[in-house]
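**Q** Sequence plus the predicted model coming up.
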Amino acid sequence: MKHALWSVVCLSCLAAPALADDTDATAIGVARGFMLSALPGQCDESPPFGDDDGFADAAIALSWKPDWAGADDPDSHATLYQLFCMAGAYNVVQAYVFKPENGDLSLMTFAQPTYEIDYADGDETQTELKNPPKVTGYSTTATLVNSGFEADTQTLNSFAKWRGLGDAWSAGTWAFAEGQFVLKRYEIDPTYEGNDDSASEDQMERSYTLFP
């Protein structure tokens, strides 16, 4: 299922006008409007706290050398827009829009495993598993939770708390390559150790890598 590990870049047929500067406030506003159109009813119209670091929209300049390019060929360039979608009590949800140089906007999606969790019989606290989580396939998501882009590694990282305590969670890493983001790692901790006052350190630190 190798093909499932690549993000789908061109989900929407909505076109965007050419922008003089793909990283300025006007361009970010256009990208936000595109995102709202591509995800109708799923995201808030605007960030709730303006330029607050945790909520503000941002434009990230990207460049890379295509595999087919020769040493003297120019790099390819694009802009990645990180856009606030919505927020809960302990999670912030972002969507991402991609714009190649002199190209159209497209909504990015990200590969992630689907899985089943088998809690121990009679375990109402959900602190013990009967079996390790089982990967059942792969799907894509158009939003990431508590995510951010690391320029040094050219990766997007996401960390979703399953509740405010953060004792159960899921986390993913997607690397930028050839104009797309490729799933590199996905990990979960599906047990709620905060429900068990006698949980051991091993229980508290245990997590499961679902990919690779």
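**A** Arrived safely, thanks for sending. Numbers count the residues shown, from 1 in each chain.

**Q** now Pro66: how far from Asp75?
**A** Counting by CB to CB, to the nearest Å, the gap from Pro66 to Asp75 is 8 Å. (Each C-beta comes from the backbone N, C-alpha and C, glycine too.)

**Q** Correction: the previous question concerned Pro48.
**A** Relative to Asp75, and taking CB to CB, Pro48 is found at 37 Å.

**Q** Can you show me the CA trace of the lengthiest helix in the chain as CSV?
**A** Longest helix in the chain by number of residues (criterion: DSSP state H): helix 25-38. C-alpha atoms of helix 25-38 as CSV (Å, rounded to 0.1, in the frame of the first residue of the first chain):
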residue,chain,number,x,y,z
ALA,A,25,-1.1,39.2,4.2
THR,A,26,-3.2,39.4,1.0
ALA,A,27,-2.0,36.1,-0.2
ILE,A,28,-2.6,34.5,3.2
GLY,A,29,-6.1,35.9,3.1
VAL,A,30,-6.7,34.4,-0.3
ALA,A,31,-5.4,31.0,0.9
ARG,A,32,-7.7,31.2,3.9
GLY,A,33,-10.7,31.8,1.7
PHE,A,34,-9.7,28.9,-0.5
MET,A,35,-9.5,26.6,2.6
LEU,A,36,-12.9,27.7,3.8
SER,A,37,-14.4,26.9,0.4
ALA,A,38,-12.6,23.5,0.3
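
**Q** Flag every buried residue along whatever helix or strand Gly137 lives in.
**A** Assigned by DSSP states H and E, Gly137 belongs to strand 129-141. If you call a residue buried by 16 or more other CB atoms under 10 Å, then strand 129-141 has these buried ones: Leu129, Pro133, Tyr138.

**Q** What segments of this structure are strands?
**A** 58-64, 76-87, 92-100, 106-107, 110-119, 129-141, 143-145, 148-150, 155-161, 169-177, 180-189, 208-211 (DSSP state E).

**Q** Switch those over to JSON lines; also include distance to Glu201 and mean pLDDT.
**A** Output for the strands of the chain, formatted as JSON lines (distance: least, CB to CB, whole Å; pLDDT from 0 to 100):
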{"stretch": "strand 58-64", "distance to Glu201": "38", "mean pLDDT": "93"}
{"stretch": "strand 76-87", "distance to Glu201": "32", "mean pLDDT": "95"}
{"stretch": "strand 92-100", "distance to Glu201": "29", "mean pLDDT": "97"}
{"stretch": "strand 106-107", "distance to Glu201": "42", "mean pLDDT": "97"}
{"stretch": "strand 110-119", "distance to Glu201": "21", "mean pLDDT": "97"}
{"stretch": "strand 129-141", "distance to Glu201": "17", "mean pLDDT": "97"}
{"stretch": "strand 143-145", "distance to Glu201": "26", "mean pLDDT": "98"}
{"stretch": "strand 148-150", "distance to Glu201": "28", "mean pLDDT": "95"}
{"stretch": "strand 155-161", "distance to Glu201": "20", "mean pLDDT": "97"}
{"stretch": "strand 169-177", "distance to Glu201": "17", "mean pLDDT": "97"}
{"stretch": "strand 180-189", "distance to Glu201": "14", "mean pLDDT": "97"}
{"stretch": "strand 208-211", "distance to Glu201": "17", "mean pLDDT": "98"}
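
**Q** how much space between the residue lying closest to Pro212 once chain neighbours are set aside and Ala199?
**A** Closest residue to Pro212 apart from its sequence neighbours, by CB to CB, 6 or more residues apart in numbering: Arg185 at 6.9 Å. Noted for Arg185: a distance of 25 Å to Ala199, by CB to CB.
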